[in-house]
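> Need a 3D model of the sequence below.
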Amino acid sequence: MRSNINQLAKALPKWDPAKTMDDVAVTAPSLYEITHPHDGKPLQDDDDDDDDTVQSPSLKVRQAQDSLYSDIRDARLAIDLFLNSRITECLDIVIAKRQSSMYHCLSYACLLAGTSILTFQRDDIAKAIAAMKETYQLADKFRYRTWKSHMRGISKGHSIQEIKSMTHLQRHAELVYAEAYLMKAGLQILYDQNLVLAIREAIKAYSAHGIYKSLEAYMLHAQEQAAQGVDVLAEYGLDGHLVSGIAFGMAGFNLTLSAVPDFILRLVEFVGFQGDRTLAFWYCRSVGGWDNSSNKAGKDMGVGQQQGRDEGLRRQFCDLILMGYNIVLSKMTLLSHVDHDLGDRVLAYHLQQYPNGMIFLALKGRQLATQRQLDEAKGYYQRSLDAQDVWPQLQDVARWELGTLALIEQDWRCAHVMFRILLKQNHWSKAVYTYLYATSLYMLALDQYPPGEKRNVMLDTVAQSMKSVTKAKQKIAGKSIFIEKFFARKSRKFDLQGNRLLFPDLEILLSIGALELMPAKLIHKNLTRISTALKRLETSHSLYVHDDICLAHLLRATLYRFLLDIEDNSPPHHLLGHDELNRQHPYKLIHRQSIQTIMDHAQKVQLDHWIYYFALYEKAQLLILDQNYAEAKRELDHILRCSEKNAFHVGAGVRAKSKYSMENALILKCHSCLGYIAEVATKGTLVAQIASNASLGHRCPRGEVDGASCFTSFGPSNTPSSPLRTRKTSF
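Residues are numbered from 1 along each chain as shown. Model (predicted):
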């Protein structure tokens, strides 16, 4: 597979090197400032005299030019209505002109795309693909055309001078074309479920990436000119809608690629694929004005400032990146560039703008859940669920979260109801919903029904549901979804063990990143469950006893680490600085004992080989907590090296030497932790430097000094010293 990707990368045309924070004029006005003139004049559509590149525009083109900004304002109003859960009114606006206006057409296609992803129905995906195709075909009619563009193909994008000579309509057409082309490629990959066809669509996405890069170069050039007093709106036609679209697209590219481990990314990096997380977040913050000290956008957003009619069309989506990263993803694993305060400010601002917005109500629920305020979180999830009923699929996000919280609180009946509804009406992952439905019913039967006919009937239903999990699996680009594969294996293990699983609820929460939401009271309750089970396992002669022992100890170690974070376990003030005393905290001792027990039993594990690798990851988490960064990095590197070299030699089962469950998820987590360690190595200054528009690369191996470490050295207590950062030569 890797050799095929390498050959494909060599065959693709080479773009110019990707932009990094070094290419940004850090002293220039932010993207928010250059697109928000102080005179407050509304954007005007093109005048007749402005069209120098197209001498005799057709009537359709002229009409599109005349109505460009009014169409954008319609699209902006539709987005505002959608984000405030007024979906019917939103649809009325975008449907009216979707045949003639590329922004109405794009808005309609995006709504269909979002719905199709939630429903995961092939018919819905096909409709969204058709709508995206209509969008980029319509935008293509308005694009800049010269004899050079016909000769160029996809090998090169437009130059800065060429983009400057375009009309407002042509610049927006380039952006809309790239957006729709890229989204259509992604939807096609979901629809075809074939690796060869997925590669074909990836090549198409590559050409869209090239258009974005050309527009990005133009935008950054205009920003440099703004620092010299140039009116970029008048001179470069750089309005907030165009800028927010370029920034959102490039932020998405950079953030996505920055999450990819380097041993994968280096295969295609030399053709222009490179991720700079610092740049991604600078784009999102700069477009929203979150770092501006000179205006209310940066300081007082969230306390009542209303957006103007010409606020960037994609600005909310840049803000969603900031919220999703700082509120959701940062709670699932250690990450670099985390700014919780910013995430909270952005969310507060949007809750005020859209008080009935299902997305922001759900995000508020997630924020409260990460603070372990589960009752308050459930209230916001219920408000999100009740916000609209036009598209039931949008309610399913809140149902999933409510079902997850029910598993945490051991409210098996509520969890069973939520997952039963999802199984009945949502098609995103029938395998996942079936397994969670069966597990919640299994726990309900064991916990609340005594042995007898009623319990037996329920357990028979569980057994039948477990047998259907494997058949319900789906594929994306010819590859199985990792969480579906994991739950399918657990359902087969249920059958192999005589219709029995150990702690399936906790195992689910661990696999979906929700175990950390558990409050201290429930953690102690589950630790008691685990201790009881471990005593029982001491006398077990089951073939799978070592699997159960390892699972119980992995859960125990993880929960004790969470207690270290929740409870006040700081050493007395007069003992601060005594590293060995800090290491002897009883919770840490239990954690290390459990990890060592897993290592001792790992070679006897029959099925759950994933536990060994996740135990190494858990070991690294405690090492990071102890500020033993060098040792933590060694553990994480070892996990990544096993995947890179396909070196799997742990376990006794027939599949012990093959890939383990949730390997891809663990790879991403390890890579994120390495980024966090690299940030600590720079003394935790990345967030502050983003806020001040300073430049600093983010990726772990980038800026390496010796090629084997992402920091120069460690002090006596494994505290990283300030590194001498050097940048590797870029392809």
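> where along the chain do the strands fall?
475-476, 479-480 (DSSP state E).
> Now do the first one: distance to the chain's middle.
Strand 475-476 sits 18 Å away from the centroid of its parent chain (Cα atoms, centre = their mean, to the nearest Å).
> Also stretch 358-371?
Distance, centroid of stretch 358-371 to centroid of chain: 16 Å (Cα atoms, centre = their mean).
> For that stretch, report the contacting residues that lie outside it.
With contacts defined as Cβ atoms under 8 Å, 6 or more residues apart in numbering, stretch 358-371 is touched by 83, 85, 320, 323-324, 327-328, 331, 343-344, 347, 350-351, 354, 374, 376-381, 383-385, 387-388, 394-395, 397-398, 401, 405, 516-517. All C-beta spots, glycine's among them, are computed from the backbone N, C-alpha and C.
> Which members of the residues you listed occur in helices, if any?
Within the contacts of stretch 358-371, residues falling in helices by DSSP state H are 83, 320, 323, 343-344, 347, 350-351, 374, 376-381, 383-385, 394-395, 397-398, 401, 405.
> Any regions of the stretch 601-731 of the chain where pLDDT drops low?
653, 683-731 (pLDDT under 70).
> can you give me the helices in it?
For the stretch 601-731 of the chain, the helices defined by DSSP state H, counting those that start in this stretch cover 610-625, 629-644, 663-681, 686-691.
> Dump those helices to TSV, plus distance to residue 652 and mean neighbour count.
TSV is the format used below for the helices of the stretch 601-731 of the chain (distance: least, Cβ to Cβ, whole Å; neighbours: other Cβ atoms under 10 Å):
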stretch	distance to residue 652	mean neighbour count
helix 610-625	12	22
helix 629-644	18	19
helix 663-681	19	22
helix 686-691	44	20
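> among these, which is nearest residue 115?
Ranking the helices of the stretch 601-731 of the chain by distance to residue 115, with Cβ to Cβ as the measure, places helix 663-681 first at 26.2 Å.
> How far away from the center of its chain is the closest one?
Averaging C-alpha positions (Cα atoms, centre = their mean) puts helix 663-681 14 Å from its chain's average.
> Then stretch 488-503?
Per Cα atoms, centre = their mean, the centroid offset for stretch 488-503 relative to its chain is 31 Å.
> Which positions within it qualify as buried?
488, 489, 490, 491, 493, 494, 497, 500, 501, 502, 503 (16 or more other Cβ atoms under 10 Å).
> rewinding a little: for ChimeraX, what selects the buried ones among the contacts of stretch 358-371?
In ChimeraX syntax, the buried subset of the contacts of stretch 358-371 is picked out as below (16+ other Cβ under 10 Å):
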select :83,85,320,323,327,328,331,343,344,347,350,351,354,374,377,378,380,381,383,384,385,387,388,394,395,397,398,401,405,516,517
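> Show me what the longest helix anywhere in the chain is packed up against.
Secondary structure of the chain per DSSP H: the longest helix is helix 195-226. Helix 195-226 sits against helix 31-34, helix 160-164, helix 168-192, helix 232-236, helix 240-258, with contacts defined as 3 or more Cβ pairs under 8 Å, 6 or more residues apart in numbering; DSSP states H and E.
> related to what we said a few turns ago, can you list the buried residues of stretch 488-503 in TSV and add distance to residue 659 and pLDDT?
Output for the buried residues of stretch 488-503, formatted as TSV (distance: Cβ to Cβ, whole Å; pLDDT from 0 to 100):
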residue	distance to residue 659	pLDDT
488	14	96
489	12	96
490	16	97
491	19	97
493	17	96
494	22	96
497	23	94
500	26	96
501	22	97
502	23	97
503	24	98
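> any chance of these in JSON lines, plus distance to residue 626?
JSON lines is the format used below for these (distance: Cβ to Cβ, whole Å):
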{"residue": "488", "distance to residue 626": "37"}
{"residue": "489", "distance to residue 626": "33"}
{"residue": "490", "distance to residue 626": "32"}
{"residue": "491", "distance to residue 626": "38"}
{"residue": "493", "distance to residue 626": "34"}
{"residue": "494", "distance to residue 626": "37"}
{"residue": "497", "distance to residue 626": "37"}
{"residue": "500", "distance to residue 626": "37"}
{"residue": "501", "distance to residue 626": "33"}
{"residue": "502", "distance to residue 626": "29"}
{"residue": "503", "distance to residue 626": "27"}
